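Enquirer: Need the 3D shape of this:
(one chain, ligands or ions: 1)
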Amino acid sequence: MELKEQILKILEENRGNSVNGALMAKELHVTRSAIWKNINQLKNEGYQIEAVPNRGYCLKESNDILTNQSISPYLKGKATNFILDVRKTVSSTNTLAKEMAANKAPEGTVLIASEQTNGRGRMGRSFYSPATGLYLSLILRPKLSIEDSLLITTSSAVAVAKAIEKITNEDVHIKWVNDLFMQGKKVCGILTEASLNIENGGLEYAIVGIGINVNTKDFPSDIKDIAGSIFLDKPKNQPITSILAAEVLNNLADSMDKLTSKDYLEEYKKRSFLIGKDIYVLKEKKVFPAKAIGIDNRARLLVEYPDSTKEALTSGEVSI
Ligand code: BTN
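Expert: Down below sits the predicted model:
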């Protein structure tokens, strides 16, 4: 660990309290001026650190930059076993998580960032990922067939919807298959990418990538009519984005256990706002009008076309 990170770790462990610079220097076997230099670097990066005369340095309780130490205290149950890798800016958490999974990173490894320079969405699209967002990818090694990988996306959607609802007190609805909406705007997208085990036809690994727009006021013109953001009150004495991240992870850990029990599907259906609506199904670059009539127990969207034929959709694009 770099000196800067070691200092941050100590400050995080004492969040809200001052840590004596001389003691820190002794503990880390460096000079006081090295501590001072690194503290200044952290301040320049946006960390809210106060120098308290005669007492040392204090990381303010409201400091809301995502770090391993800011998220971990809020993890509960099985999520405490997750292995967190928290970074400020990455190209794409999914791309990195895929590389890590291919290099045998264990199930439960989570890559978290607050900015992506090459965020990826479904259908080869990009995902706008400015700083202040919450972008994370969880590596799973589930015993599921490729057909059932849809269950990972849908259970994640429920897990994230519940977390956002808890933190913001606002209703969150799901647009099949993976978009979360608040007040009619998409505030979160989920991209599940899986790798097949050729020998047994099951999944080698799956990556659940979740992107939540946090405190984003301006979106690029091509998405500004559909994209929205959750707004977290300026934190007073809590690292609110870290708490949201932990809540998402707590719910994900919980739901990954119950994937095959499919209990969460009832919750998914309740939150789904396509059912009963006239929609358009986009297939092979053609648009077909249809009615969304339900979601089956494999999380497929059931649609009925004007000629009364029915279809269970496993992927693809639908719109209202
Ligand atoms: C979509 O709406 O099409 C899915 C968007 C998924 C975005 C998330 S952000 C974290 C992870 N890393 C990525 O590059 N994509 C996913």
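Enquirer: Of all the residues in this structure, which one is nearest the ligand?
Expert: Gly189 (2.2 Å; CB to the nearest ligand atom). Every residue, glycine included, has its C-beta placed from N, CA and C.
Enquirer: so that residue is in which element?
Expert: Using DSSP states H and E, the element containing Gly189 is strand 185-196.
Enquirer: Residue numbers of the stretch 101-250 of the chain in contact with the ligand?
Expert: 116, 119-122, 125, 127, 135, 137, 179, 189-191, 209-211 (CB under 6 Å from any ligand atom).
Enquirer: Go through those and flag which are in helices.
Expert: In helices, defined here by DSSP state H, there are no members of these.
Enquirer: Any idea which of these the model trusts least?
Expert: Among those, Arg122 carries the weakest pLDDT, at 91.
Enquirer: Check whether that residue really touches Thr192, as I assumed.
Expert: No. Between Arg122 and Thr192 there is no contact under CB atoms under 8 Å: 9.1 Å.
Enquirer: Looking at these two, which has the bigger crowd around it?
Expert: Thr192 (24 against 19; other CB atoms under 10 Å).
Enquirer: before we move on, what SS does the closest residue to the more buried one other than its chain neighbours have?
Expert: Distance criterion CB to CB, 6 or more residues apart in numbering; nearest residue to Thr192, sequence neighbours excluded, is Thr153 at 4.4 Å. At Thr153, secondary structure determined by DSSP: H, G, I helix; E, B strand; the rest coil is helix.
Enquirer: Where does the prediction get shaky in the protein?
Expert: Counting by pLDDT under 70, the chain contains low-confidence ranges at 234-236, 262.
Enquirer: Break down it into its helices, ranges please.
Expert: Going by DSSP H, the chain shows helices at 3-13, 21-28, 32-44, 68-71, 93-102, 150-168, 240-257, 264-271.
Enquirer: Residues contacting the shortest one, please?
Expert: With CB atoms under 8 Å, 6 or more residues apart in numbering as the test, helix 68-71 has contacts from 8-9, 12-13, 15, 63-64, 84-86, 112, 239, 242, 245-246, 249.
Enquirer: repeat that for 6 Å
Expert: The contact list for helix 68-71, computed with CB atoms under 6 Å, 6 or more residues apart in numbering, reads 9, 12, 84, 86, 239, 242, 245-246.
Enquirer: gap between that helix and the chain center?
Expert: 15 Å (CA atoms, centre = their mean, to the nearest Å).
Enquirer: what are the C-alpha coordinates of that helix, in CSV please?
Expert: What follows is helix 68-71 as a C-alpha-only set of coordinates in CSV (Å, rounded to 0.1, in the frame of the first residue of the first chain):
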residue,chain,number,x,y,z
ASN,A,68,-12.8,0.5,1.2
GLN,A,69,-12.7,1.9,4.7
SER,A,70,-15.7,4.2,4.2
ILE,A,71,-17.9,1.4,2.9
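Enquirer: how many other residues sit next to the closest residue to Asn178 other than its chain neighbours?
Expert: Closest residue to Asn178 apart from its sequence neighbours, by CB to CB, 6+ apart: Ile190 at 4.0 Å. Neighbour count of Ile190, defined by other CB under 10 Å: 23.
Enquirer: got a list of what Ile190 touches?
Expert: Listed by CB under 6 Å, 6+ apart, the contact set of Ile190 reads 153, 156-157, 178, 210.
Enquirer: again, only using 7 Å
Expert: 153, 156-157, 178, 208-210 (CB atoms under 7 Å, 6 or more residues apart in numbering).
Enquirer: ok, now Glu165?
Expert: Going by CB under 7 Å, 6+ apart, Glu165 touches 171-172.
Enquirer: and the gap between it and Lys37?
Expert: To Lys37, Glu165 is 43 Å away according to CB to CB, to the nearest Å.
Enquirer: Could you do Tyr47 as well?
Expert: Tyr47 is 14 Å from Lys37, by CB to CB.
Enquirer: The two - which one has more neighbours?
Expert: Of the pair Tyr47 and Lys37, Tyr47 is the one with more neighbours under other CB under 10 Å, namely 20 against 14.
Enquirer: Surely that one is in contact with Ile65?
Expert: Yes. In this structure, Tyr47 is within contact of Ile65 by CB atoms under 7 Å, at 5.9 Å.
Enquirer: Sort out which residues of the strand holding Gly189 are buried, please.
Expert: 185-194 (16 or more other CB atoms under 10 Å).
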